[in-house]
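Novice: whatever this is, show me its structure:
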Amino acid sequence: MSHPAPCPIDLADDITRRLGQLTDHLSQLPRPQAAQLIARILDPDAGVLGGITHLVTTGSVFARDQAERGLLPPEVWLALGRASYELHDLTLDLDEHQDSLRQVGAQPSTTAAKAPAPAPLVVRRRR
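Specialist: Numbers count the residues shown, from 1 in each chain. Down below sits the predicted model:
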């Protein structure tokens, strides 16, 4: 028996609520599990960030159509398009760090005999 499709507004509300729950879990997980979860969230193909990027891109296509019909101001379409491109770029940037997150996620949660040296948190990019 097929399940009835949920109301899209209710679905969006449920996803938002569940993202809050996921955030709560992430803040309480041990380091390896938190790294694994972050890697999964940031996965560009099957992760939350990739899904949100696709959702915003789809919203941009809708807004463009509505703007062309004069039903939405063009600024709405431009803002959604810009958000879509920026999210896509962020997804690509963060994808570069998947291996590091997976390595941390594969380590046991017990403390090592010698803790690694902290790394500087500010990295300058070349322009």
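Novice: which parts of this structure are helices?
Specialist: Using DSSP state H, the helices found in the chain span residues 8-28, 31-42, 48-68, 74-95, 98-106.
Novice: can you redo those as JSON lines with mean neighbour count?
Specialist: From N, CA and C alone the C-beta is placed, and that goes for glycine too. Converted to JSON lines, the helices of the chain look like this (neighbours: other C-beta atoms under 10 Å):
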{"stretch": "helix 8-28", "mean neighbour count": "11"}
{"stretch": "helix 31-42", "mean neighbour count": "17"}
{"stretch": "helix 48-68", "mean neighbour count": "16"}
{"stretch": "helix 74-95", "mean neighbour count": "15"}
{"stretch": "helix 98-106", "mean neighbour count": "14"}
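Novice: need the contact list for residue 105.
Specialist: 32-33, 35-36, 39 (C-beta atoms under 8 Å, 6 or more residues apart in numbering).
Novice: now, which of those sits nearest residue 24?
Specialist: Residue 24 lies nearest to residue 33 out of the contacts of residue 105, by C-beta to C-beta, at 13.7 Å.
Novice: list the contacts of residue 60.
Specialist: Residue 60 makes contact with 77, 80-81, 83-84 under the criterion C-beta under 8 Å, 6+ apart.
Novice: closest to residue 28 among those residues?
Specialist: Distances from residue 28 to these, taken as C-beta to C-beta, are shortest for residue 83 (30.0 Å).
Novice: these two touch, right, the closest one and residue 53?
Specialist: No - the pair residue 83 and residue 53 fails to qualify as a contact (C-beta atoms under 8 Å) at a distance of 9.1 Å.
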